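Chemist: Please find the sequence and the predicted model below.
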There are 2 protein chains.
Amino acid sequence: MTPSNSDAIFSALADPTRRAILSLVGEHEELTAGEIAAHFDSLGRTAVSSHLRILRLAGLVAERRDGRFRHYSVTPTPADAVVAFLTSVYQNSLEQLASAVKDASAAGDDAPSDRAVERSA
Amino acid sequence: MTPSNSDAIFSALADPTRRAILSLVGEHEELTAGEIAAHFDSLGRTAVSSHLRILRLAGLVAERRDGRFRHYSVTPTPADAVVAFLTSVYQNSLEQLASAVKDASAAGDDAPSDRAVERSA
DNA sequence: AGCATGTGTGAGCAAGTGTTGACAGACAGA
DNA sequence: TCTGTCTGTCAACACTTGCTCACACATGCT
């Protein structure tokens, strides 16, 4: 594996399409590559496949092969590098960050996802 | 413009150099452009300037002009978009994320920055 | 076996990004 | 005012990235 995944993770997260894919997969238990691709009319199937490959290499999604299908799911604890980085930069504002997360946890069960993800690129 | 521009933030964070700059600035109250550039021997001054511009447009750093100098500092609450995204994706693992942040906060009070950025093997 | 389906991969092209070098603006000190 | 310092911006180049098309591989059905 790569020595430090933070590079791969941040690069993977940099693309709006990939964030949308990640968000989409996160809304379900599992999705096949075809199902994911079907959600992006503006994108070809191969493009989605490429994005999935990048997300997989970054450890953000997991792949489960089942016959001809490949099911993708969100990796449970991939945000470590992101959190670690935010920690190192925003040491001072960490309390704030923690409470923000808690707030989101409490009130976020509805759907704050729209503002954050910005699909339909 | 507004900090809700998650695109700009994630794009800015995608570059390792910019993360290093952000991390460096975060370790100090303020740094001038020249001081920042001095930390990166492999980079030219203009390159650093460009990166600072991107970070500034993303709202990650603030600029204070003082005579010929421009002092840069980390913007206090820029991680909102990041947290919002993580929230939307990892709703299920949110408790986990929150505790990860807390752990990082607790363990990181002594000497976090170095290990924090590069871990996650 | 033969064919259709689900999916990844590689080539090639268009678009975006980072770096450098040259130039310009703002300010401090003599 | 003149000069040197600090810094940003512009144009040009090389490199990277994302997309599509064609093809290949694996699997399931008949």
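Modeler: Nice, thanks for sending it over.

Chemist: which residues touch A:H51?
Modeler: A:15, A:17-18, A:21 (Cβ atoms under 8 Å, 6 or more residues apart in numbering or on different chains). To be clear about C-beta, it is placed using only N, CA and C from the backbone, and glycine gets the same treatment.

Chemist: where does chain A come near DNA strand D, residue by residue?
Modeler: Selection of chain A residues close to DNA strand D by Cβ under 7 Å from any atom of the strand yields A:11, A:14-15, A:17, A:42-44, A:46-47, A:50-51, A:54, A:67-68.

Chemist: Restricted to buried residues, select these in ChimeraX.
Modeler: Of the residues of chain A next to DNA strand D, the buried ones go into a single ChimeraX selection, burial set by 16 or more other Cβ atoms under 10 Å in any protein chain shown:
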select /A:11,14,15,17,43,51,54
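
Chemist: between the residues of chain A next to DNA strand D, which is nearest chain B?
Modeler: Ranked by distance to chain B (Cβ to the nearest Cβ), the residues of chain A next to DNA strand D are led by A:A14 at 3.4 Å.

Chemist: show me the contacts for the closest one.
Modeler: Going by Cβ under 8 Å, 6+ apart, A:A14 touches B:10-11, B:13-14.

Chemist: near DNA strand C, from these?
Modeler: B:11, B:14.

Chemist: circling back to that earlier point, of all the residues of chain A next to DNA strand D, which two lie farthest apart?
Modeler: Maximum pairwise distance in those, criterion Cβ to Cβ, is 33.2 Å, between A:A14 and A:G67.

Chemist: Point out where chain A drops to low pLDDT.
Modeler: Across chain A, residues meeting the criterion (pLDDT under 70) sit at A:1-4, A:77-80, A:91-121.

Chemist: The same query, at a cut-off of 80, please.
Modeler: Applying pLDDT under 80 to chain A flags residues A:1-5, A:76-121.

Chemist: now the strands for it?
Modeler: Remark: strands of chain A, listed N- to C-terminal, are A:31-32, A:61-66, A:69-74; assignment by DSSP state E.

Chemist: In a markdown table, list these along with mean neighbour count.
Modeler: As requested, the strands of chain A are exported to a markdown table (neighbours: other Cβ atoms under 10 Å in any protein chain shown):
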| stretch | mean neighbour count |
| --- | --- |
| strand A:31-32 | 19 |
| strand A:61-66 | 14 |
| strand A:69-74 | 18 |
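
Chemist: Domain map for chain A?
Modeler: Residue ranges for the domains of chain A, per automatic domain parsing: A:1-76, A:79-115.

Chemist: Columns distance to B:F85 on top of those domains, output as JSON lines?
Modeler: JSON lines is the format used below for the domains of chain A (distance: least, Cβ to Cβ, whole Å):
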{"stretch": "domain A:1-76", "distance to B:F85": "6"}
{"stretch": "domain A:79-115", "distance to B:F85": "8"}
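
Chemist: Kindly tell me how buried the residue in chain A that DNA strand C sits nearest to is, as a neighbour count.
Modeler: Among all residues of chain A, A:G34 sits closest to DNA strand C, at 2.3 Å; criterion: Cβ to the nearest atom of the strand. Neighbouring residues of A:G34 were enumerated by other Cβ atoms under 10 Å in any protein chain shown; the total is 13.

Chemist: Which members of the contacts of A:A14 are positioned in helices?
Modeler: With helices defined by DSSP state H, the entries of the contacts of A:A14 inside them are B:10-11, B:13-14.

Chemist: hmm, which two among these are most spread apart?
Modeler: In those, the most distant members under the criterion Cβ to Cβ are B:S11 and B:L13, with 7.3 Å between them.

Chemist: coming back round to it: will you turn the strands of chain A into CSV that also has distance to A:V25?
Modeler: Formatted as CSV, the strands of chain A follow (distance: least, Cβ to Cβ, whole Å):
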stretch, distance to A:V25
strand A:31-32, 5
strand A:61-66, 6
strand A:69-74, 5
